[in-house]
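J.: Could you look at this predicted model? Sequence included:
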Amino acid sequence: MKILIVEDEQKTGDYLKQGLVEASFVVDLARDGLDGMHLAQTGDYDLVVLDVMLPRLDGWGVLRAIRAAGKNMPVLFLTARDQVEDRVKGLELGADDYLVKPFAFSELLARVRTLLRRGKVMEPEVLKAADLELDLLRRRVTRAGRRIELTAKEFALMELLLRRRGEVLTRSLIASQIWDMNFDSDTNVIEVAVRRLRAKVDDDFEPKLIVTVRGMGYVLEVPESV
Ligand code: CA
């Protein structure tokens, strides 16, 4: 298992490297953000330990570059400030976990092992069926390259159908997942919502993706020929 550490503080960097080598990892150490970025983009690392405050390019820039290069290895970032905004920002940019300095090495090792065990489990950011694409990060939907405007509920419904494609979703399940309500309250809501969603994503396109299963519910299916 190969780990990249990006840390400019010499003592901390050396200490982390030594500890991880002793724990039987192969370790590279970059002392600034630019070197770290280049190594992360070109090397085959299983995990990156990334300091936030770095010379030449900060940790956020490194993280952005890693994800932009399509690398999805877990990233554990180190922040000196225990600030909620930092954590939120890191996780939004695609980091997998963080540690607030100062921390015990045993704590870092435990996090590293957990992340490596979990592996590359980042969710796909775009769900697809035929030529329909749902971009979860940007909250954008296109079909055949055409932008489609969905309401928040419609988006959630589309996402549910895509995530569970091939599975018949009953009206009660949809009601509880999307509307947070009981089946008995108003099933008409579901029917209306599905009709609206179809008008947007299916009516002007082929093949039709949302299929009604009479007496049961709805299923998203992509015909074999597509
Ligand atoms: Ca630093």
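T.: Done, it's in. Numbers count the residues shown, from 1 in each chain.
J.: quick one: buried residues of stretch 33-43?
T.: Across stretch 33-43, burial judged by 16 or more other C-beta atoms under 10 Å covers 33-37, 39-40. C-betas here are computed from N, CA, C, even on glycine.
J.: Give me the contact list for that stretch.
T.: 2, 4, 6, 28, 30, 45, 48, 50, 54-59, 61-62, 65-66, 69, 71 (C-beta atoms under 8 Å, 6 or more residues apart in numbering).
J.: From residue 87, how far off is the residue nearest to residue 65 when sequence neighbours are not counted?
T.: Nearest non-adjacent residue to residue 65, counting by C-beta to C-beta, 6 or more residues apart in numbering: residue 37, 4.7 Å away. Shown here: residue 37 relative to residue 87, a distance of 21 Å by C-beta to C-beta, to the nearest Å.
J.: Wait, residue 87 touches residue 99, no?
T.: No. If you go by C-beta atoms under 8 Å, residue 87 and residue 99 don't touch, sitting 10.4 Å apart.
J.: Past the helix-or-strand element of the chain with minimal mean pLDDT, which element shows up next along the chain?
T.: For the chain, using mean pLDDT, DSSP states H and E, the weakest element among its helices and strands is helix 84-92, scoring a mean of 76. Proceeding N to C from helix 84-92, the next assigned helix or strand is strand 97-100, under DSSP states H and E.
J.: quick one: what helix or strand has the residue of the chain found nearest the ion in it?
T.: As assessed by C-beta to the ion, the ion sits closest to residue 53 within the chain, at 4.0 Å. Using DSSP H and E, residue 53 maps to neither a helix nor a strand.
J.: how about the nearest residue to it, chain neighbours excluded?
T.: Using C-beta to C-beta, 6+ apart, the closest residue to residue 53 is residue 80 (6.3 Å).
J.: so who does that neighbour touch?
T.: 52-53, 100-101.
J.: what's the answer for residue 7, then?
T.: Counting by C-beta under 8 Å, 6+ apart, residue 7 makes contact with 13, 16, 29-31, 49, 51, 54, 78.
J.: all strands for this protein, in order.
T.: Assigned by DSSP state E, the strands in the chain fall at 2-6, 26-30, 47-51, 75-79, 97-100, 126-129, 132-135, 140-143, 146-148, 169-170, 210-213, 217-220.
J.: Okay, angle between the first one and strand 47-51 too, please.
T.: Spelled out, it's strand 2-6. Computed with axes from the mean of the first three to the mean of the last three C-alpha atoms, to 10 degrees, the direction of strand 2-6 lies at 10 degrees from that of strand 47-51.
J.: In strand 2-6, which residues are buried?
T.: 3-6.
J.: I'd say residue 173 and residue 219 touch.
T.: No. Contact criterion C-beta under 8 Å: residue 173 and residue 219 do not qualify, at 11.5 Å.
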